[in-house]
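In: Sequence and predicted structure below; questions after.
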2 protein chains.
Amino acid sequence: MAAFTSRDVARLAGVSQSTVSYVMSGRRPISADTRKRVQAAIDQLTYQPNAGARALASQRTQVVGLVVPFGTAGDTTALLPFIETIAGCARAEDHDVLLVTDNEGTAALTRLAGRSLCDAIVLMNIAAADARLPVAAASRVPVILIGIPDDPQGLPCVDLDYPEAARLSVAEVVAAGHDRVVVLGWSAEEIARGANYVGRFERAAVEAAAAAGVEHLAVSPVEVSREGARAAVAEALRIGGPRPALLVPASSAVPWVVQALTERGVLPGRDVTVVGLCTDAVAMTTVPPVTNVSTEPRDVSARAMQILFRHLERGREGPAGGVELVAPRLTRRETTLAAP
Amino acid sequence: MAAFTSRDVARLAGVSQSTVSYVMSGRRPISADTRKRVQAAIDQLTYQPNAGARALASQRTQVVGLVVPFGTAGDTTALLPFIETIAGCARAEDHDVLLVTDNEGTAALTRLAGRSLCDAIVLMNIAAADARLPVAAASRVPVILIGIPDDPQGLPCVDLDYPEAARLSVAEVVAAGHDRVVVLGWSAEEIARGANYVGRFERAAVEAAAAAGVEHLAVSPVEVSREGARAAVAEALRIGGPRPALLVPASSAVPWVVQALTERGVLPGRDVTVVGLCTDAVAMTTVPPVTNVSTEPRDVSARAMQILFRHLERGREGPAGGVELVAPRLTRRETTLAAP
DNA sequence: GTGGCCCGTCGATACGCTTCGACGGCTGCT
DNA sequence: AGCAGCCGTCGAAGCGTATCGACGGGCCAC
């Protein structure tokens, strides 16, 4: 119970303490016989190395810092799959996850790096001009961004390919035979926070619509609430023409919009096409299930962790930066009108 | 950049390294003059103590391990407020949170404790007969449970007062003039997992109904899905009599039940009373907003952390165990029928 | 004037591990 | 037979902090 040390293991196995270390790390050849004896001693004592001592000696903590946006609005329900996936990937590489809320802003970063609490940092919820970026770029530990700022400052980024998501959405609308599309925007708060994907999506939507020869209209901002959705839907139907098509890129607004339409007796899939940008899980819970472009939080996080560990293994070398886009996927469900 | 040590600070301030340590910890009196010089040096170098070294020397990590249920079903949307609150409370006491998924089961516990990764552990999603409990009880670090097992084995527990929640719900139904109440149960999966609150709620509901002289009926299990809710609602309306009252203790089923009722043209608040056991946030998103007994995840977590830190401060002494119940609160919204 | 005491500081040590250099013995080559 | 070289192991030196005992210098009390 009193926590055995590698010295105890060494004594029991009749070897030196350094040999125990080499058995565990495999960094030097050890004879089969010795290895067996040491392993037996380890098992017998249920020895586990002390993380602090190991970190001190090796300069590696086997911990990944994860800075998550709690206070802010940005679709907090979509957060769990990110966290879960990141934790899973970390464990797969024998790392743990230190969870930090970003209420502290920049201080969290300096603390994580300054105290050597972790070997790497995952930063979520990146704003276009994120105040944490300069700090992150100057950080002693590698940082990876989930989300894309205006200037990544050499930091690696991973995010959904929002332009592609816009293109897929528009293509779906076009395939359904619409000649105009109404994009319901994000909430004022999310726009104010300056997430980059807002602009990335919108520009691509405009371009895709122009390329396909369909008219592009916008309703923005759209507050994420019943009332916000009602207002946005009213406006969208007003300008949407006789056979409206609605694009809802704000994940958390999707259920509200579907509900607001239904309330009005305008049934998605019968009277109006709705394409949402949200997880498949969310898409399947609306009534009726909404045609969606998936935001793939699991893919995005897994990709980020993969890049992170590749970077950790390679050490300081190798090209750090780079923007990695994860391809979205459109699933037609019950809210796409049949082409006329 | 190269990470300063307390020795660097000492040199710059013209004192010994131990003095720097005492300035930071305040464990010995330091003259105002010295303190000022040391503090200036700390600021100038932006010195931060190395977490590993500190942990090694002091036997304290300033980290709280949090074992969260990811794989399991148990209402994963309700998870975030827990995590967020726990992280916030930890930071308030200058601790960080190490997030561990409980896929690893018992191994996660032994790792956290065995490697001295944290000073204390928060265990969520406790089953009635939880396999992790013996390990937790024998653990070198204090453990607190969120949820109540059949036998806490001396471990402190915090949870919502489910019996009280049942009483509040029944009282609401009684106040609305119903003479029978239908309890829609949990999902088969949740029951199988053996969460204790299922039984605690149900027993109290039966007792409260008996005490109030209203008839108690049950529909169980209720799968958390559109179809599950439809089936449960059909059954509930069949047995519920002319003026039905529905209790929905499974948080995540509440929106589905409300929706299933609405689909059938049985409007909550007009044709039927619905009382849900869920967070206020969820209650406010249904249409119409559902009368609810709040599950108060923030209160529960905050209480747990408070107990944890009190325990940490007191050291090994003090009565460890004890079951702490957090009082739920009923909020009447729009799904309570007016008394006849 | 002197003894005792407390305040403030220092030096040394321990925490448990990783890692480097060293070294003995054995193999294989000449 | 002798030597080079490699394999497997050991000892020791840190890693950066907390903490304990020691100690010098004031201060107060007698």
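Out: Arrived safely.
In: and the gap between the closest residue to A:Arg243 other than its chain neighbours and A:Ala211?
Out: Ranked by C-beta to C-beta, 6 or more residues apart in numbering or on different chains and with sequence neighbours excluded, the top spatial neighbour of A:Arg243 is A:His178, at 6.3 Å. Using the backbone N, CA and C atoms, a C-beta is placed for each residue, glycine as well. Here A:His178 is placed at a distance of 15 Å from A:Ala211 (C-beta to C-beta, to the nearest Å).
In: do the same with A:Val122
Out: According to C-beta to C-beta, A:Val122 stands 36 Å off from A:Ala211.
In: count of residues packed around the residue of the stretch 151-300 of chain A found nearest DNA strand D?
Out: Nearest residue of the stretch 151-300 of chain A to DNA strand D (C-beta to the nearest atom of the strand) works out as A:Leu155 at 25.2 Å. If you count neighbours by other C-beta atoms under 10 Å in any protein chain shown, A:Leu155 ends up with 21.
In: same deal with A:Val206?
Out: Residues near A:Val206, counting by other C-beta under 10 Å: 15.
In: What sits closest to A:Pro49 if chain neighbours are left out?
Out: Excluding its sequence neighbours, the residue lying closest to A:Pro49 (C-beta to C-beta, 6+ apart) is B:Arg115, at 6.2 Å.
In: which residues touch that neighbour?
Out: Contacts of B:Arg115 were listed using C-beta atoms under 8 Å, 6 or more residues apart in numbering or on different chains, and they are A:48-51.
In: Put together a markdown table for those, with pLDDT and distance to DNA strand D on each row.
Out: Converted to a markdown table, those look like this (pLDDT from 0 to 100; distance: C-beta to the nearest atom of the strand, whole Å):
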| residue | pLDDT | distance to DNA strand D |
| --- | --- | --- |
| A:Gln48 | 97 | 18 |
| A:Pro49 | 98 | 12 |
| A:Asn50 | 98 | 11 |
| A:Ala51 | 98 | 13 |
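In: which of those residues has the most neighbours?
Out: Ranking these using other C-beta under 10 Å puts A:Ala51 first, with 26 neighbours.
In: Isn't A:Ala131 up against A:Gly105?
Out: Yes. Contact criterion C-beta atoms under 8 Å: A:Ala131 and A:Gly105 qualify, at 6.7 Å.
In: The two - which one has more neighbours?
Out: Counted by other C-beta under 10 Å, A:Ala131 and A:Gly105 do not tie: A:Gly105 has more neighbours, with 14 against 10.
In: these two touch, right, that one and A:Asp130?
Out: No. The pair A:Gly105 / A:Asp130 is not scored as a contact, 9.9 Å apart, by C-beta under 8 Å.
In: mind checking how far the residue nearest to A:Pro49 is from B:Leu145?
Out: From B:Arg115 to B:Leu145 the distance is 22 Å (C-beta to C-beta).
In: All the helices of chain A, in order from the start?
Out: Assignment of helices within chain A using DSSP state H yields the ranges A:6-13, A:17-25, A:32-45, A:51-58, A:79-92, A:106-114, A:132-137, A:162-175, A:188-193, A:196-212, A:226-239, A:254-263, A:280-285, A:297-313.
In: So which residues on chain A come close to DNA strand D?
Out: In this structure, chain A approaches DNA strand D at residues A:14-19, A:22, A:28-31, A:33-35, A:53, A:56-57, judged by C-beta under 7 Å from any atom of the strand.
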